[in-house]
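Undergrad: Make a model of this:
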Amino acid sequence: MAGETVVTVVGNLTDDPELRLTASGDAVAHFTVASTPRTFDRQSNEWRDAETLFLRCSVWRQEAEHVAESLTRGTRVIVQGRLRQRTYETREGERRTVVELEADEIGPSLRFAGATIVKPPHTGAPAGSRGGPRPAAEDPFTPPDGGERPAPAASGHQAPHEETDPF
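TA: The predicted structure follows:
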């Protein structure tokens, strides 16, 4: 949607994501990301931590389930989404306003850790819905006849063995 504020935040989860179901059965996961910017102080020749930003985030549906299954407290993550401002009234009658991040994308940061990607089986969701299978005609990886693609021809080049690969 035009005019939305899209941000990317890198930080650590302050707790395990909390997964809930709405009255309509949609999954939603809530979590908080703590992001602490660091700057180098040339006078003291040291790194200094600035004030930590704690940003409450939410993610919906199947992505919420993936987040709850995959991420835990302390995991360094990269979250991209839209800032939302919400006003509510406390039990004492005070009006409060909060800013939250409705996440579109979230994943582990690979700067200080590794990750293994596991793709879940197709859910059978209707074509065109987020995360559902695409009809073969729309799938750029399916040949026009619907069959499997042939394996690429051998080029004579072999990948280095794990023992000899320095990287």
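Undergrad: Give me the most central residue, this protein.
TA: residue 106 (0.8 Å; C-alpha atoms, centre = their mean).
Undergrad: Provide a list of residues in contact with it.
TA: If you count contacts by C-beta atoms under 8 Å, 6 or more residues apart in numbering, residue 106 has them with 57, 59, 63, 67, 71, 77, 78, 79, 80. For the C-beta atoms, the positions are set from N, CA and C on the backbone; glycine is no exception.
Undergrad: buried set for stretch 21-40?
TA: 27, 28, 29, 30, 31, 32, 33 (16 or more other C-beta atoms under 10 Å).
Undergrad: Next: stretch 76-92.
TA: 76, 77, 78, 79, 81.
Undergrad: Can you tell me which of the residues you listed end up in strands?
TA: Mapping these onto strands (DSSP state E) picks out 76, 77, 78, 79, 81.
Undergrad: can you pull the contacts of the last one?
TA: Going by C-beta under 8 Å, 6+ apart, residue 81 touches 6, 7, 57, 59, 101, 102, 103, 104, 105.
Undergrad: out of those, which one sits closest to residue 48?
TA: For those, the residue nearest residue 48 by C-beta to C-beta is residue 7; the value is 23.4 Å.
Undergrad: residues in contact with the closest residue to the closest one other than its chain neighbours?
TA: Distances taken as C-beta to C-beta, 6 or more residues apart in numbering put residue 83 closest to residue 7, at 5.9 Å, once the chain neighbours are dropped. Taking C-beta under 8 Å, 6+ apart, we find residue 83 in contact with 4, 5, 6, 7, 99, 100, 101, 102.
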